[in-house]
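Asks: Need a 3D model of the sequence below.
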Amino acid sequence: MADSELLLPGSSPDEHWVSVKTKLSSYLSDVKAKKLCDQSLTAVLEHIMDMYYFIRDKVQNTRELQRMGSLLATHGFVDYLYFNIVLAQEAELANEPGCTNLGMCRKLLCNLTDKSEELCEKIAASLLMEMMIKNLSADKKPGEDDDMSNYTMRTTMQMLTLYNVLYKCPGSKHQFRRCGGVEVMMDFVQSDNKPIKAVALLTVALAADLEESDQLLKSTESNITYMLWLVDECLKQTDHRTALIDNYFRFRLDSLLSGLVCLSRNSSNSLAIGRNGGFDRFTRILTSQSSQLETQYTVETIWNLSFQAENKLILQRSTNLMKLVQELKGNDDKSIKIAAEGTCFEVFGRPEEEKDDKDLGPKHIMISYNWNDQELAKKLMKKLRSEGLNVWMDIDQMEGDMLEKMADAVENSHAVIVCLSEAYRDSANCRMEATYACTRAKPTVPVLMEEGFTPSGWLGLMLGMKLRYDLTKEFDAQFGRLLPYLRQIIAEDEAKDSPSRASHAKPKASPTHKRESFEDWSPEQVAAWWRDTANISSQPIASLDGQLLAELKKWRVQATDFFLTFSEQKLKITDPLDLIRFSAAIQNL
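Replies: Take a look at the predicted model:
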C-alpha cells in the first residue's frame, strides 16, 4: 500500500484514524460471524501492518505508534485478532492453502504490544493470553517437517507478546499463572535455541513467584549467567541493544534489567547474580550513557541484592559502585532516588547523626503496607483510631528524607503491623521497613491483605509461625481478635517505659539477664531446648551452644540467606516444618 493511501494529502491524522476505526468496526462484526473470506481478512491485516511500518519507519514517532495501539485497542482490535487467529488456526489444521493470516496476527501483536499499554491491558482481559499459552504448550518442539527458522519466529513472537503484556501490565501475571504460563515458559527456558531461551527467561522473571523463581535457578545456574552475558552483549553496542541473537532478535538492555530486578528478589538468584560478576556489570552501566530506565532498573537490582549478607559485604568493599549509587540519591527521578537511598541504608545502616535523641511525640502503632493495599490498610487505620489507638501510616507517600521518617516511625512504635500480600513481599521498600523493625526488636503483627496469599521467602522466614489476622474476610471478627492483642502489646511496652519502672535498675536488667542465660547455654542445654521447646525431629550438632544460637538469632533477621543455608547445611535441618519451628523458636529466645 502506498504511503499516500495511509495519510492522504489534505486529510488530518484524526480523519485518517476515523476511517481506520470505521473499517475495523465493520470488519469485526463480519469476522465474528465468519462472513469474511481469507483474502478479505488478509487485506485488513496488511492495511494495519503497512500503517504500523509507515509510522515506525517513515514518521518515526513512538508517540504515534502508542496512539495507534490505543485506538485499535479501544475499537475492538483485540476481539478482531482473537477471532482471526481462531479462523486461521482452523484453516491451518484443514491444510487450506494460502493461509497467511496467522503469521501476520502474531507479528502485529508482537509489534503493537511493545508500544501500547492499553492494547496490553485489553489482551490481559481477553481470551488471547490463554490461547497463546495453549498454543505454546502444544508447540514446545518443532515438528518433523518444521523449518527451524519458522518455528523460532512463531514461538518467539508469541512469547514476546506475552512478555510485553506482563511488562506493561504487572497485574496480568496472576491470569498468566492461572493459565499455566509459568510452567510452559519453564520448559522453554531449557531450550538450546538462544532467542527462545532468552525470551522465556525474561517472561518467567516477570511472572514467577519466589518459589518458581528459585526453581528457575536450581534447574541450572547458567540461566543467570546467560542473562548476564546478554547484558554484556548490550553494553558492547552504543544503543544498548544486543547484536542479532542467532540472526533473529535484538534485546534491549532495559528489558534485560527489568528481568534481573524481578529475579533478584529471590535470595538464591540474588546470590548467583552477585557471585557471577553482576556488580561489575552494574558499575559499567552506571558509568555509561545509560537511559533513565536502565539506571532505575540497575539501582533497584542492587537494592534487592543488598539484603543478602554476602552481597552487602561485596557492596561495602565496592567503593566505586557505591559512590555512583550515593550520587544517585540526588537524582530528580523519584524511583531512582528511592532505590539509591534504600541501597545506602541497607549497606551502611542508618547514619549516626540521625539517631540522636529527638522528641518524636507519643508512641504509636505503625502500619507497614504496600501501596496496592492502601484501601484495606486505611480501613484498618480508621478502625484502630476509632478505638482510641495512636496510629502512624504513610498515606501520601513520605516526602523529604523518606528513610529517616521511616526509621523514626519504627523507632517510636509499640509494634509494627505488617500487611501481607504478594506486592508487599516483592517490594524492596516494604522489606526494608519490616527488616528494620525486626532489627530494632519491635513486635511485628502480621495482617493478611490478599486473599489466599501465603508468605514465602524472606517474609515467610521473618514471620515464622506467628498468628495472622485475615482481614480479607470477616473484617470485624478478625479486628475483634486483633485489637486486644495490640492493647496488650501497648500496655507491656508502656509498663516497660514508665518512670516508675525506669527508676528500678534491677527489674530493668531482667530482660538482659534472660538473654545472657540462653547465650551461656551449654550444648547439652541447647539439645534439651531443641527437643522440648523447638520440637525439631532431627538431632542438634554437638558444637551448637548458646553463643551460636545468639548469632543465629541475629542473622535470622539481618541475613536470611545465610540463616537458611547454615540451618540446612550445617545444622542438618532439612524438613521444611522443622525449619519453620526452628525459626519461630529462635525468635522467641
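
Asks: what kind of secondary structure is P446 in?
Replies: What DSSP: H, G, I helix; E, B strand; the rest coil gives for P446 is strand.

Asks: Could you number the chain from 52 rather than 1 from now on?
Replies: Okay, using 52 as the starting number, the last item reads as P497.

Asks: wait, what's in contact with the nearest residue to it once chain neighbours are set aside?
Replies: In space, and not counting its chain neighbours, P497 is closest to R519: 4.5 Å by Cβ to Cβ, 6 or more residues apart in numbering. Using the backbone N, CA and C atoms, a C-beta is placed for each residue, glycine as well. R519 sits next to L471, P497, V498, L499 when contact means Cβ atoms under 8 Å, 6 or more residues apart in numbering.

Asks: likewise L471?
Replies: Contact analysis of L471 by Cβ under 8 Å, 6+ apart lists P497, V498, L499, M500, E501, F504, P506, L510, R519.

Asks: contacting residues around the fourth one?
Replies: Residues in contact with M500, defined by Cβ under 8 Å, 6+ apart, are Y420, N421, D424, L427, A428, C470, L471, S472, Y475, L522, T523.

Asks: dump the residue contacts of the last one.
Replies: Taking Cβ under 8 Å, 6+ apart as the criterion, T523 is in contact with L427, L499, M500, E501, E502.

Asks: low pLDDT regions in the stretch 252-401 of the chain?
Replies: Applying pLDDT under 70 to the stretch 252-401 of the chain picks out residues 261-272.

Asks: Distance-wise, check F396 relative to K380.
Replies: 10 Å (Cβ to Cβ, to the nearest Å).

Asks: Who has more neighbours out of these two?
Replies: Under the criterion of other Cβ atoms under 10 Å, the comparison of F396 against K380 puts F396 first, with 20 against 17.

Asks: May I have stretch 98-112 exported as PDB, CA atoms only?
Replies: Extracted in PDB, the C-alpha atoms of stretch 98-112 (Å, rounded to 0.1, in the frame of the first residue of the first chain):
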ATOM      1  CA  HIS A  98      -3.500  -2.400   5.800                       C
ATOM      2  CA  ILE A  99      -2.800  -2.200   9.500                       C
ATOM      3  CA  MET A 100       0.600  -3.800   9.100                       C
ATOM      4  CA  ASP A 101       1.500  -1.200   6.400                       C
ATOM      5  CA  MET A 102       0.200   1.500   8.700                       C
ATOM      6  CA  TYR A 103       2.500   0.300  11.500                       C
ATOM      7  CA  TYR A 104       5.600   0.200   9.400                       C
ATOM      8  CA  PHE A 105       4.900   3.600   7.800                       C
ATOM      9  CA  ILE A 106       4.600   5.300  11.200                       C
ATOM     10  CA  ARG A 107       7.700   3.400  12.600                       C
ATOM     11  CA  ASP A 108      10.000   3.800   9.600                       C
ATOM     12  CA  LYS A 109       8.800   7.000   7.800                       C
ATOM     13  CA  VAL A 110       7.200   9.100  10.500                       C
ATOM     14  CA  GLN A 111       9.500   7.600  13.200                       C
ATOM     15  CA  ASN A 112       7.200   8.800  16.000                       C
END
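
Asks: What count of nearby residues applies to E570?
Replies: By other Cβ under 10 Å, the residues close to E570 number 16.

Asks: wait, L138 sits on N152?
Replies: Yes: because the distance of 7.2 Å satisfies Cβ atoms under 8 Å, L138 is recorded as touching N152.

Asks: higher neighbour count, those two?
Replies: Neighbours per residue (other Cβ under 10 Å) separate L138 from N152, with N152 holding more: 22 against 19.

Asks: SS state for the residue lying closest to that one once chain neighbours are set aside?
Replies: Distance criterion Cβ to Cβ, 6+ apart; nearest residue to N152, sequence neighbours excluded, is A139 at 4.1 Å. Of the three states, A139 takes helix according to three-state DSSP.

Asks: Would you mark the buried spots in the lengthiest helix in the chain?
Replies: Longest helix of the chain, by residue count under DSSP state H: helix 526-548. By 16 or more other Cβ atoms under 10 Å, the buried positions in helix 526-548 come out as Q529, F530, L533, L537, I540, I541, D544.

Asks: Strands of the stretch 202-351 of the chain, start to end?
Replies: Assigned by DSSP state E, counting those that start in this stretch, the stretch 202-351 of the chain shows no strands.
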